[in-house]
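Trainee: A structural model of the following input is requested.
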Amino acid sequence: MRTLFLVWMVGVLGMLTSCSSDQGTGQKQSETKAVTIIATVSDGMKTRASSGMDDVPTRCVMEVHNAADNILVGEQYVAENNGGAFSFTIRLDPALTYYFLFWADGGEAYYDASDLTAVTVADKGTIGAIAYSGKIENATSLTKLNAELHHVVAKVSFQT
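Mentor: Coordinates of the predicted model:
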């Protein structure tokens, strides 16, 4: 009886050590990967009369959407201006395809960017300022992505 129990225990131990943790689920767990996105502003609207003070955006908002079903992945990400560029580091599934939306401006006082598909002027009694927008489509190579933001709102100031 003791020998039979010992053989039975060795058999159970052998079965347990040969199993891996991902068996039994029927699907392989997907791993996420760190992705760095750098957004830079084009300098396409500089003029001699520009003071340059309000031409520089102070914040950039980014949304990541799943390209297959246009659903927002995670949340909005906000970065502050760091030497003329905005840097984001997020984790994404490399097996999926994404598109990225960007909006850069002078801050919440000027624009309501809570949904980057429908940005509106903020209702806080301030006049709109220069703003930039950009998009990266069908991003499949998720290592380091660069986005160039272009003017979408211009500001004209007349001085006498």
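Trainee: pretty sure Ala68 belongs to a strand, no?
Mentor: No. Counting by DSSP: H, G, I helix; E, B strand; the rest coil, Ala68 is not part of a strand but coil.
Trainee: pretty sure it contacts Ala95?
Mentor: No. With contact defined as Cβ atoms under 8 Å, Ala68 does not count as touching Ala95 (11.1 Å). C-beta coordinates here come from the backbone N, C-alpha and C atoms, glycine included.
Trainee: Any stretches of the protein with poor pLDDT?
Mentor: Counting by pLDDT under 70, the ranges of the chain that qualify are 1-30, 43-55, 124-128, 154-158.
Trainee: at 50 what do you get?
Mentor: Applying pLDDT under 50 to the chain flags residues 20-29, 45, 47-48.
Trainee: Mind checking which of Ala68 and Ala95 has more residues around it?
Mentor: Ala95 (12 against 9; other Cβ atoms under 10 Å).
Trainee: Can you give me the neighbour number for the closest residue in space to Thr120 that isn't next to it in sequence?
Mentor: Among residues not flanking Thr120 along the chain, Asp112 sits closest, at 4.9 Å (Cβ to Cβ, 6 or more residues apart in numbering). The local packing of Asp112 (other Cβ under 10 Å) involves 13 other residues.
Trainee: Give me the distance between Asp112 and His65.
Mentor: 19 Å (Cβ to Cβ, to the nearest Å).
Trainee: Next: Tyr110.
Mentor: Separation of Tyr110 from His65 (Cβ to Cβ) stands at 24 Å.
Trainee: For those two, indicate the residue with more neighbours.
Mentor: The residue with more neighbours, out of Tyr110 and His65, is Tyr110; 22 against 17, by other Cβ under 10 Å.
Trainee: in which helix or strand would I find the nearest residue to that one once chain neighbours are set aside?
Mentor: Excluding its sequence neighbours, the residue lying closest to Tyr110 (Cβ to Cβ, 6+ apart) is Ala129, at 4.8 Å. Per DSSP states H and E, Ala129 falls between elements, in no helix or strand.
Trainee: pretty sure Ala129 is touching Glu108, no?
Mentor: No. Between Ala129 and Glu108 there is no contact under Cβ under 8 Å: 11.7 Å.
Trainee: More neighbours: which of those two?
Mentor: Applying other Cβ under 10 Å to Ala129 and Glu108 shows that Ala129 carries more neighbours, namely 19 against 15.
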